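Colleague: Below is the structure, and that's it, no one-letter string:
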């Protein structure tokens, strides 16, 4: 099974390829959903999840993706299902992602839940990411949540501030290196916070936010939360 779009280059290994016309989404789902659990298609489950996920707004697609997060399926299938759940226009997607995060035994699946919340791009998903960053038991998961919150805060800052005029004519490469150097200092978080709050350049503020997100420091989370939720 190969997932392609009409704009894709198709490598058919010399076999003839026939275009059968445009199908309604329900028709393709009626084909894909029943074969998901068939033994003959176990090795195709990840591709089936991706194909189903591309349908977007169908409840039938969402139901299959939610089912694919179940513990009886391989971690790679569950991981892909979480990603595609984030892509669905469904009011229940955040709740499902959080349930998987709380209950799944795979670190990689739980880590992908954090990324999925980042992809949802709503106030609620940001709030849930902040809760994970503060309360997750595993340090690496908290740090990962802070990283993605830093990315979101950078987007938010760009939207709110627009293009900020930078009166400092110093080369951007030099300034970027300086921001990185701050991130490596023992008291670098305090200095990075100052850059985020006061620097005239949006580009440099976003770079400082990136390194704050990488730091995993609780003070960084306070700054990011203020940007996102104010």
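Modeller: Structure received. Please read these numbers as outputs of a predicted model, since none were measured by experiment.

Colleague: Quick one: find the helix or strand in this structure with the lowest mean pLDDT.
Modeller: When the helices and strands of the chain are scored by mean pLDDT, DSSP states H and E, helix 172-183 comes last with a mean of 69.

Colleague: Measure how far the very next helix or strand once past that one is from the centre of its chain, please.
Modeller: Next in sequence after helix 172-183, counting helices and strands by DSSP states H and E, comes helix 188-198. Once both centres are worked out by Cα atoms, centre = their mean, to the nearest Å, helix 188-198 turns out to sit 26 Å from its chain's centre.

Colleague: Helix 188-198 and the helix or strand following helix 188-198, what's the angle between them?
Modeller: Using DSSP H and E, the helix or strand that follows helix 188-198 towards the C-terminus is helix 202-215. Interaxial angle of helix 202-215 relative to helix 188-198 (axes from the mean of the first three to the mean of the last three Cα atoms, to 10 degrees): 150 degrees.

Colleague: for the residue nearest to the spatial centre of the chain, what are its contacts?
Modeller: Centroid check for the chain by Cα atoms, centre = their mean gives residue 115 as the closest residue, at 3.0 Å. Shown in contact with residue 115 (Cβ atoms under 8 Å, 6 or more residues apart in numbering): 83, 86, 148. Heads up, the C-betas are built off the backbone N, CA and C, glycines and all.

Colleague: repeat for residue 70
Modeller: Applying Cβ under 8 Å, 6+ apart, the residues contacting residue 70 are residue 78.

Colleague: quick one, helices of the protein?
Modeller: 25-35, 45-53, 59-67, 75-87, 93-103, 107-120, 123-135, 139-161, 172-183, 188-198, 202-215, 218-229 (DSSP state H).

Colleague: Could you tell me the least trusted of the ones you listed?
Modeller: If the helices of the chain are sorted by mean pLDDT, helix 172-183 sits at the bottom with a mean of 69.

Colleague: follow-up on the earlier one: can you convert the helices of the chain into a markdown table and add a column each for distance to residue 13?
Modeller: Shown next, in a markdown table, are the helices of the chain (distance: least, Cβ to Cβ, whole Å):
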| stretch | distance to residue 13 |
| --- | --- |
| helix 25-35 | 22 |
| helix 45-53 | 16 |
| helix 59-67 | 29 |
| helix 75-87 | 24 |
| helix 93-103 | 36 |
| helix 107-120 | 31 |
| helix 123-135 | 41 |
| helix 139-161 | 39 |
| helix 172-183 | 46 |
| helix 188-198 | 52 |
| helix 202-215 | 43 |
| helix 218-229 | 48 |
